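[1] Next one to model:
(chains A and B)
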Amino acid sequence: MDRRKFLGVGLATFAAIVAPGTDLMAIDFRATKPKAWEVEKTVDGIKALYGNGGLKKSGIEFKAPKLAENGGSIPITIKSKLDLESVALFQDANPRCLTCVFSIPEGAIIEYDIRIKMRQTAFVTVVGKVRGSGELVMATKEIDVSIGGCGG
Amino acid sequence: MAKMKIKAKEKKGVVKVKAMFTNLMADREQAKKTGVKTEFIKYIVATVNDKVVYEVTTSGFMSENPLVKFKFKGAKKGDKIIFTTIDNEGKKQTGKKKIK
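    Next up is the predicted model:
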């Protein structure tokens, strides 16, 4: 199917399904920031999702294996003590950099464990947006992948 | 089709949740290579007592059969946690579990 068509159809059905129970979704990142899901480089992804802002390299951290034997399943634990509004995970290994975006309810404990796929050795970046001030915090790490996931 | 496995345990006011979803998580490129249909979960939400406790928008670059773990406060034993996932074709699935 044509890519443009595919996207259009996807968005339309998604919107139709979500419409009745919109209260569930705080921010629909796919509808509001469609560009962020398409770009390849982390830098562009951050710009598309959060805009141009200063990035502070503190306040957020994540755990990941230095050497991932299986690129198909890399466990990542994101932790932060700040009151964040959303957290996004980017990586440079795959054709599109944005992997997932958490929207965090107020007063939540930020300790999320998630598994991702990477097809090659690359940098993984976690960016968090502070509630209220809109300040951006980030952490980045290189992960070695010996066998790529993603069919690569 | 797809199944959902959920575990939720309360300890000292903090609830630990583990959830696994059955899904291929094949993005466009991978689907082309292996000849399967594009299939991935793009949205996961968990609610307890009509309050959202976990919400994530995902892409096809999560691992196959994604496993998520998280903690939250403000629920008692016996409360029900409800997971809803939406995949790339807009199919909705829900799973329920009592917090132990």
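[2] contacting residues for A:Val87?
    A:60, A:78, A:80, A:101-102, A:104, A:110, A:112, A:126-129 (CB atoms under 8 Å, 6 or more residues apart in numbering or on different chains). Every residue, glycine included, has its C-beta placed from N, CA and C.
[3] can we see that at 10 Å?
    Taking CB atoms under 10 Å, 6 or more residues apart in numbering or on different chains, we find A:Val87 in contact with A:60, A:62, A:78, A:80, A:100-104, A:110, A:112, A:126-129, A:137, B:56.
[4] Can you list which of the residues you listed are found in strands?
    In strands, defined here by DSSP state E, the members of these are A:60, A:62, A:78, A:80, A:100-103, A:110, A:112, A:126-129, A:137, B:56.
[5] Out of the residues you listed, which is nearest to A:Asp144?
    A:Phe62 (15.9 Å; CB to CB).
[6] List the contacts of the closest one.
    A:Phe62 touches A:76-80, A:87, A:89, A:112-114, A:124-126, A:139-141, counting by CB under 10 Å, 6+ apart.
[7] Just the buried ones from the residues you listed?
    Neighbour-count burial (16 or more other CB atoms under 10 Å in any protein chain shown) applied to the contacts of A:Phe62 gives A:76, A:78, A:80, A:87, A:89, A:112-114, A:124-126, A:139.
[8] and A:Gly45, helix, strand or coil?
    Secondary structure, DSSP: H, G, I helix; E, B strand; the rest coil: A:Gly45 is helix.
[9] Was I right to think it contacts A:Ala88?
    Yes. Using CB atoms under 10 Å, A:Gly45 is in contact with A:Ala88, at 7.9 Å.
[10] overlap in contacts of those two?
    A:33, A:36, A:97-99, A:125, A:127.
[11] how about residue 99, what does it touch?
    Went with chain A since none was named. Contacts of A:Thr99 by CB under 10 Å, 6+ apart are A:45, A:76, A:88-91, A:93, A:114, A:116-118, A:124-126, B:58-62.
[12] wrong one, I was asking about chain B
    Per CB under 10 Å, 6+ apart, neighbours of B:Ile99: B:6-10, B:15-17, B:48, B:75-81.
[13] one more time with 8 Å
    B:8-10, B:15, B:48, B:75-81.
[14] got it, and B:Val17?
    B:6-8, B:46, B:54, B:69-72, B:81.
[15] Show me which of the residues you listed is closest to chain A.
    Nearest to chain A among the contacts of B:Val17 is B:Lys69, at 3.6 Å by CB to the nearest CB.
[16] which ones among the contacts of A:Thr99 are found in strands?
    Per DSSP E, those map to strands at A:76, A:88-91, A:114, A:116, A:124-126, B:58.
[17] Please work out how many residues are found near the residue nearest to A:Gln120 when sequence neighbours are not counted.
    Closest residue to A:Gln120 apart from its sequence neighbours, by CB to CB, 6 or more residues apart in numbering or on different chains: A:Ala93 at 5.0 Å. When neighbours are counted by other CB atoms under 10 Å in any protein chain shown, A:Ala93 registers 24.
[18] Could you list the single helix or strand in the chain with the lowest mean pLDDT?
    All of this refers to chain A. helix A:3-18 (a mean of 53; mean pLDDT, DSSP states H and E).
[19] nope, chain B
    Min over SSEs of chain B, mean pLDDT, DSSP H and E: helix B:28-34 (a mean of 75).
[20] Mind checking if it is in reach of chain A?
    Yes. Counting by CB under 8 Å from any CB of the partner chain, chain A is contacted by helix B:28-34 at B:29-30, B:33-34.
[21] Among the buried ones among the contacts of A:Phe62, which pair sits farthest apart?
    A:Asp113 and A:Thr125 (17.6 Å).
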